[in-house]
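Asks: compute the structure for the input listed below.
(one chain, ligands or ions: 1)
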Amino acid sequence: MPEKIPKDIKQEIEKLVRELNYHSYRYYVLDSPVISDEEYDQLYHRLKELEEQYNYILPDSPTQRIGAPPLDKFEKVKHTEPMLSLDNAFSYDKVKEFEKRVKRFLGSEEAIEYTVEPKYDGLAIELTYRDGLLFRASTRGDGYEGEDVTQNIRTIKSMPLKIEEVSKVPAEIDIRGEVYMDIEEFEALNREREQKGEPLFANPRNAAAGSVRQLDSSITAARKLHLACYGIGTVKGIEFKSQLEFFKWLEKARFPIPAIVKPAKGIDEVIHFIREIEENRGILPFETDGAVIKVNDFGLQRLLGVKTREPRWATAYKFPAHQGTTRIKDIIPSVGRTGVITPIAVLEPVRIGGVTVSRSTLHNWDEIERKDIRVGDTVVVERAGDVIPHVVMVIKEKRTGKEKTFRIPEKCPVCGSKVVREENEVAVRCVGLNCPAQVQEKIRHFTSRGAMDIEGLGEKNVELLYSSGLISHFVDMYRLKKEDLLKLPRFAEKSARNLIDAIEKSKHTTLSRFLYALGILHVGEYASKLLAKNFEKIEDLYKINTEGIINIRQMGEKIAGSVSDFFNDPENLSTLKTLKTLGLKITNPDYEGKGTGKEKKPLESLTFVITGTLPQPRNEVEELIENLGGHASSLVSKSTDYLVLGENPGSKLQKAQTLKVKTIFYNELLKIIEQRKIV
Ligand code: IVH
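Replies: You can find the predicted model right below:
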């Protein structure tokens with residue numbers, strides 16, 4: 001039997017739920033957390049413990065977000081107001097026609113106010129709240145009837161379980177929005193699936209839809225889904241005048257809204273903002289296939305009404321496609337810096353989103369097999385942002401029978417060495433130590449922007465220097481002389497001078513850049529930075545064993561093993577020494593270890609807890625503490641350094657006294673900051 005709940009426990013639970021929900025909102029909606037993950041976890045565990053002990057669980061408790069037992073099937077849900085679709089406009093002229101229709105229908109000559117938002121490429125859902133609590137979440141389905149996916153949608157951290165912070169909580173409201181997956185998340189998920197041999201999702205939309213339509217909600221919980229709310233269905237007990245007013249309300253009530261919402265007066269401003277969204281398309285973290293234009297005023301929306309299944313008050317401008325259809329002329333193997341041989345599809349050139357595409361990566365040989373890609377196949381190719389285009393799928397209906405399957409090469413296409421495929425690895429490697437393709441790729445990597453950053457040493461020049469015999473290893477670059485370059489066809493006095501200067505300049509570098517430049521297996525820019533933070537000089541890594549590296553937080557076993565292998569190889573060590581004798585000077589501004597003499601932040605390693613009312617809003621004080629390197633926590637524990645006392649302090653004061661935690665007033669906190677700044 002659960003114990004009877006003492007009043008203060010009840011209050012503590014309520015406070016914890018409120019605090020945790022606030023911190024979730026800071027983290028998932030505003031992307032600006034004010035406490036650390038550890039502190040969040042601490043509060044969460046305290047809440048869980050109390051909930052279990054007293055069996056008192058609030059409906060908006062964050063513990064209610066994790067998956068529930070799997071379902072047999074989804075229940076059907078009728079939407080009280082149909083979820084409409086949108087008319088499409090494929091050109092600016094069509095957008096102008098939309099405006100003309102609106103004006104004609106309203107019999108108005110005046111400029112109309114619109115909103116312009118990105119069109120999210122995800123899954124439309126409806127969230128029904130009753131008396132401020134999430135009652136149900138349903139998919140759009142056919143617009144009239146969808147499926148009950150409440151359990152799954154609950155796991156989306158940015159979605160409020162309760163409507164708070166608004167002056168008026170409606171008795172009932174249907175909030176509509178899009179569940180989507182960030183492009184980065186989608187790619188990570190596909191990489192993971194690829195490793196497990198599971199089928200890949202074709203795009204973020206399919207990944208989001210597949211994640212929501214899971215009978216087992218713990219799968220949904222494991223996928224990082226986002227939400228953008230943009231629409232309204234049935235609403236009782238509150239009235240909104242316009243789309244913009246509704247967005248303001250949503251924001252106040254802590255709902256995530258589209259990343260861009262632009263009010264526009266007249267169609268020219270609308271087109272201006274559509275252009276702006278389109279231009280920024282590549283840098284947005286999510287996939288967007290267009291812009292949605294809505295008449296702002298809800299009164300006008302009602303007047304305009306609905307035409308069959310589409311509202312007359314909105315339209316979607318569709319960006320030019322990022323996909324195209326073409327034929328694979330050939331598949332060629334390409335050898336990378338680590339010897340990995342990747343298949344590349346040579347395509348009949350096709351225009352996709354304004355760019356001519358004639359090559360596409362096929363990632364690896366498993367993918368060719370899984371997608372059954374053959375030379376001669378007609379395929380759908382997709383280009384997203386600046387990444388290399390890839391083959392989405394084969395249109396098998398277009399096969400003539402003349403298509404040829406492609407086999408993994410048995411020999412390296414460049415040096416003829418043996419090709420191996422390690423167990424459990426999708427990668428196929430050329431074992432040739434001196435394989436020209438590998439060597440050139442290594443040099444290219446060494447000189448690249450994030451590495452030694454040698455300007456003017458592009459792909460063509462590396463090839464030229466290599467084939468002319470001037471360099472056969474990146475070390476040789478530091479032996480180059482202007483006279484050598486002048487003998488080559490592409491160089492004249494000035495270009496030769498520039499390159500020699502750039503090489504000279506690159507000799508002064510940082511440890512993190514240098515480590516990255518070395519091209520150690522699995523060590524990318526991030527791992528290089530981590531190593532530089534933890535090792536002062538490159539010599540500190542010589543002959544290091546795996547244990548010496550794995551202790552670094554966030555450093556994986558695979559990377560540690562590879563770094564250790566690299567620095568235990570006599571040949572590598574001698575290369576490093578040669579580079580030093582050739583004048584390489586490595587500094588390490590990233591080092592964070594002992595004795596750096598680096599100025600510490602004033603509140604570094606101090607934990608503060610606040611109780612009572614301070615002269616400044618609490619979250620601002622907490623932010624100040626965090627910004628100065630301290631921790632602002634909500635729980636008093638033995639590791640708390642100071643409890644900051646405001647007016648009417650709460651039970652934390654007692655706890656602090658029992659634990660002998662120092663208590664200070666607000667002005668003393670300010671003094672501590674000042675004193676520590678001087679030191
Ligand atoms: S408004 C009647 N706003 O596009 C109004 N829809 O083709 C319809 N969508 O089913 C919704 N981003 O899934 C609206 N900012 C946005 C949107 C958006 C994506 C989707 C939504 C809808 C589909 C209509």
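Asks: what residues are up against residue 548?
Replies: Contacts here follow Cβ atoms under 8 Å, 6 or more residues apart in numbering; on that basis residue 548 touches residue 564. No exception for glycine: its C-beta is placed from N, CA and C like everyone else's.
Asks: an error on my part: the question was meant for residue 286.
Replies: So residue 286 contacts 118, 120-122, 180-183, 204, 226, 259 (Cβ under 8 Å, 6+ apart).
Asks: so the one residue in the stretch 451-600 of the chain that gets nearest to the ligand versus residue 402, what's the distance?
Replies: Per Cβ to the nearest ligand atom, residue 526 is where the stretch 451-600 of the chain lies closest to the ligand, at 32.9 Å. The gap separating residue 526 from residue 402 is 46 Å, by Cβ to Cβ, to the nearest Å.
Asks: the more surrounded of these two?
Replies: A side-by-side neighbour count of residue 526 and residue 402, using other Cβ atoms under 10 Å, places residue 526 first with 12 against 8.
Asks: what packs against the strand or helix carrying that one?
Replies: Assigned by DSSP states H and E, residue 526 falls within helix 525-534. If you count contacts as 3 or more Cβ pairs under 8 Å, 6 or more residues apart in numbering; DSSP states H and E, helix 525-534 packs onto helix 511-517.
Asks: CA atoms of the helix it packs on as CSV?
Replies: Provided in CSV are the C-alpha atoms of helix 511-517 (Å, rounded to 0.1, in the frame of the first residue of the first chain):
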residue,chain,number,x,y,z
LEU,A,511,48.3,20.5,-31.8
SER,A,512,44.6,19.8,-32.6
ARG,A,513,45.0,20.7,-36.3
PHE,A,514,48.2,18.7,-36.5
LEU,A,515,46.7,15.6,-35.0
TYR,A,516,43.8,15.9,-37.4
ALA,A,517,46.1,16.4,-40.3
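Asks: which of the contacts of residue 286 come close to the ligand?
Replies: Taking Cβ under 6 Å from any ligand atom as the test, the ligand is in contact with residue 120 out of the contacts of residue 286.
Asks: filter the contacts of residue 286 down to the ones in strands?
Replies: Counting by DSSP state E, the part of these found in strands is 118, 120, 180, 226.
Asks: quick check: closest non-adjacent residue to residue 295.
Replies: residue 313 (4.1 Å; Cβ to Cβ, 6 or more residues apart in numbering).
Asks: pLDDT value on the one you found, please?
Replies: On pLDDT, residue 313 comes in at 97.
Asks: do residue 197 as well
Replies: 75.
Asks: give me the number of residues near it?
Replies: So residue 197, with other Cβ under 10 Å, has 9 neighbours.
Asks: tell me how far it lies from residue 367.
Replies: From residue 197 to residue 367 the distance is 11 Å (Cβ to Cβ).
Asks: do residue 101 as well
Replies: With Cβ to Cβ as the criterion, residue 101 and residue 367 are 46 Å apart.
Asks: so residue 48 touches residue 63, yeah?
Replies: Yes: with contact defined as Cβ atoms under 8 Å, residue 48 and residue 63 form a contacting pair (5.5 Å).
Asks: in the chain, which residue sits nearest the ligand?
Replies: Closest point on the chain to the ligand, by Cβ to the nearest ligand atom, is residue 124, at 3.1 Å.
Asks: what comes up buried for the helix or strand hosting that residue?
Replies: Counting by DSSP H and E, the element that carries residue 124 is strand 123-130. Applying a neighbour-count criterion of 16 or more other Cβ atoms under 10 Å, the buried positions in strand 123-130 are 123-129.
Asks: other SSEs contacting that strand?
Replies: strand 133-139, strand 172-180, helix 204-212, strand 226-236.
Asks: contacts only, for residue 84.
Replies: Per Cβ under 8 Å, 6+ apart, neighbours of residue 84: 143, 306, 309-311.
Asks: show me which residues of the stretch 51-200 of the chain are close to the ligand?
Replies: 84-86, 117, 119-120, 124, 140, 178.
Asks: can I get those residues in CSV with pLDDT and distance to residue 558?
Replies: Output for these, formatted as CSV (pLDDT from 0 to 100; distance: Cβ to Cβ, whole Å):
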residue, pLDDT, distance to residue 558
84, 91, 50
85, 90, 47
86, 93, 47
117, 97, 42
119, 96, 40
120, 95, 36
124, 96, 40
140, 94, 43
178, 98, 37
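Asks: identify the farthest-apart pair in those residues.
Replies: 117 and 140 (17.4 Å; Cβ to Cβ).
Asks: ok, the two, which is more surrounded?
Replies: residue 117 (24 against 20).
Asks: enumerate every residue touching residue 462.
Replies: 440, 443-444, 447.
Asks: out of those, which touch the ligand?
Replies: Restricting the contacts of residue 462 to those near the ligand - Cβ under 6 Å from any ligand atom - leaves none.
Asks: so residue 415 touches residue 437, yeah?
Replies: Yes: assessed by Cβ under 8 Å, residue 415 is found in contact with residue 437 at 7.0 Å.
Asks: find residues that contact each of the two.
Replies: residue 430.
Asks: can you give me the strands for the stretch 151-300 of the chain?
Replies: 172-180, 226-236, 262-265, 288-295 (DSSP state E, counting those that start in this stretch).
Asks: can you list those in CSV and add distance to residue 545?
Replies: Shown next, in CSV, are these (distance: least, Cβ to Cβ, whole Å):
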stretch, distance to residue 545
strand 172-180, 45
strand 226-236, 42
strand 262-265, 57
strand 288-295, 48
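Asks: quick one: contacts for residue 533?
Replies: By Cβ under 8 Å, 6+ apart, the neighbours of residue 533 are 590-593.
Asks: contacting residues around residue 92?
Replies: Per Cβ under 8 Å, 6+ apart, neighbours of residue 92: 271, 274, 317.
Asks: do that again at 10 Å, thanks
Replies: 267-268, 270-271, 274-275, 317 (Cβ atoms under 10 Å, 6 or more residues apart in numbering).
Asks: related to what we said a few turns ago, how close does the residue of the stretch 451-600 of the chain closest to the ligand get to residue 590?
Replies: Taking Cβ to Cβ, one finds residue 526 at 12 Å from residue 590.
Asks: cool, residue 220 as well?
Replies: Taking Cβ to Cβ, one finds residue 220 at 39 Å from residue 590.
Asks: do the same with residue 240
Replies: For residue 240 relative to residue 590 (Cβ to Cβ), the value is 51 Å.
Asks: burial of the residue nearest to residue 295, as a residue count?
Replies: By other Cβ under 10 Å, neighbour count at residue 313 equals 25.
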